[in-house]
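Engineer: Okay, structure incoming, though there's no sequence with it:
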Ligand SMILES: NC(=O)NCCC[C@H](N)C(=O)O
């Protein structure tokens with residue numbers, strides 16, 4: 001297994017890390033997030049959603065994408081979240097989906113290894129940026145490929161990793177799992193059909209005991225495993241998942257950022273006691289990503 005521990009952490013993860021940049025559970029109160037302006041967003045035919053959009057004649061409207069992104073940032077800031085802006089780069093059309101090149105672990109940010117050639121340099125750019133803001137990455141995965149949309153730090157002690165075999169491979173999962181298991185965490189692997197791109201398009205945590213889940217797209221054994229751990233699944237239909245309806249951001253276990261194109265899911269969340277905040281994201285969903293993909297938590301409280 002090849003896992004680079006970055007210079008400043010010569011002792012690896014056993015050394016205590018500053019509490020500033022860490023996430024021990026994906027529904028704890030979000031305090032800091034990494035975003036990137038969609039200035040160079042373009043539809044790359046590398047996932048089913050974008051291939052469908054292109055077939056329907058979609059072209060990016062950068063003005064609208066920038067406006068929608070400003071609204072996402074505005075909603076986060078209104079909720080007290082600090083937004084750290086990764087500079088956009090010409091030639092990196094998917095960079096605004098900051099989720100995929102980094103994941104912040106309980107021990108600090110970890111640089112991942114995106115699968116597709118046009119996304120691989122996102123990891124270098126993100127690593128450089130994180131150093132510049134003092135959010136020093138603790139390690140970098142070089143083995144296999146692994147993208148952040150497949151990583152779910154469900155709650156303290158429980159990591160879930162999606163493995164489609166395309167964006168995240170068995171070797172990538174093994175590298176990440178080893179790191180968490182060494183610290184005593186349980187790791188569940190969720191195999192799924194690569195047509196769904198990333199796990200976060202079909203499974204997203206809402207609070208420590210509830211998740212949005214497109215059960216038809218999930219492996220039955222994985223569904224049984226999460227239910228056995230006391231996680232209730234609020235059902236998402238396949239069409240809703242394809243439109244990135246399942247791809248939500250839990251701000252604090254109660255307030256949930258969700259696409260404004262998902263009225264049924266909003267009502268379902270409100271009926272379940274959540275506070276859904278709808279946002280327009282049509283330019284991003286046409287390129288295969290939703291709110292979860294657009295946000296990379298750098299710190300959550302607790
Ligand atoms: N976590 C995510 O699901 N990210 C969306 C990435 C979309 C981008 N067009 C891609 O195919 O990589």
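Structural biologist: Thanks, I have it. Small disclaimer: the values here were computed from a predicted structure and weren't measured.
Engineer: quick one, what contacts residue 190?
Structural biologist: Neighbour list for residue 190: 160-163, 199, 203, 218-219, 222 [criterion: C-beta atoms under 8 Å, 6 or more residues apart in numbering]. All C-beta spots, glycine's among them, are computed from the backbone N, C-alpha and C.
Engineer: Check the model's average confidence along the helix or strand harbouring residue 76 for me.
Structural biologist: Using DSSP states H and E, residue 76 maps to helix 62-78. In this model, helix 62-78 has a mean pLDDT of 98.
Engineer: hmm, back to that, and the contacts of residue 190, which of them are in helices?
Structural biologist: residue 222 (DSSP state H).
Engineer: are any of the contacts of residue 190 buried, and which?
Structural biologist: 160-163, 199, 203, 218, 222 (16 or more other C-beta atoms under 10 Å).
Engineer: Which of those residues lies at the shortest distance from residue 133?
Structural biologist: Nearest to residue 133 among these: residue 161, at 26.6 Å, using C-beta to C-beta.
Engineer: For the closest one, which non-adjacent residue is spatially closest?
Structural biologist: Nearest non-adjacent residue to residue 161, counting by C-beta to C-beta, 6 or more residues apart in numbering: residue 173, 4.9 Å away.
Engineer: cool, residue 120 as well?
Structural biologist: residue 114 (5.4 Å).
Engineer: what's the distance between that neighbour and the ligand?
Structural biologist: 8 Å (C-beta to the nearest ligand atom, to the nearest Å).
Engineer: That residue and residue 124 touch, don't they?
Structural biologist: No - contact criterion C-beta atoms under 8 Å: residue 114 and residue 124 do not qualify, at 10.5 Å.
Engineer: Next to the ligand in this structure, residues from the stretch 201-302 of the chain, please.
Structural biologist: 201, 287-289, 293 (C-beta under 6 Å from any ligand atom).
Engineer: cutoff 8 Å now
Structural biologist: Proximity of the stretch 201-302 of the chain to the ligand (C-beta under 8 Å from any ligand atom) is limited to residues 201, 244, 247, 287-290, 292-293.
Engineer: For the stretch 51-200 of the chain, which segments are assigned as strands?
Structural biologist: 82-85, 102-105, 108-111, 139-141, 151-155, 158-163, 186-191 (DSSP state E, counting those that start in this stretch).
Engineer: Export those strands as a markdown table, with columns for distance to the ligand and mean pLDDT.
Structural biologist: Output for these, formatted as a markdown table (distance: least, C-beta to the nearest ligand atom, whole Å; pLDDT from 0 to 100):
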| stretch | distance to the ligand | mean pLDDT |
| --- | --- | --- |
| strand 82-85 | 18 | 98 |
| strand 102-105 | 11 | 98 |
| strand 108-111 | 16 | 97 |
| strand 139-141 | 16 | 97 |
| strand 151-155 | 9 | 98 |
| strand 158-163 | 10 | 98 |
| strand 186-191 | 14 | 98 |
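Engineer: Going by residue numbers, what spans are helices in this structure?
Structural biologist: Counting by DSSP H, the helices of the chain are 48-55, 62-78, 117-132, 170-182, 220-228, 238-242, 263-271, 282-285, 291-294.
Engineer: looking at those helices, which is buried most?
Structural biologist: helix 291-294 (a mean of 27; mean count of other C-beta atoms under 10 Å).
Engineer: list the helices and strands that one packs on?
Structural biologist: In terms of contacts (3 or more C-beta pairs under 8 Å, 6 or more residues apart in numbering; DSSP states H and E), helix 291-294 is packed against helix 62-78, strand 255-259.
Engineer: The residue in the stretch 1-150 of the chain positioned nearest to the ligand: what's it in contact with?
Structural biologist: Distances between the stretch 1-150 of the chain and the ligand by C-beta to the nearest ligand atom are smallest at residue 149, namely 2.4 Å. Contact partners of residue 149, counting by C-beta under 8 Å, 6+ apart, are 97, 99-100, 162, 167, 197-201, 289, 292-293.
Engineer: and which of these is nearest to residue 154?
Structural biologist: residue 199 (11.0 Å).
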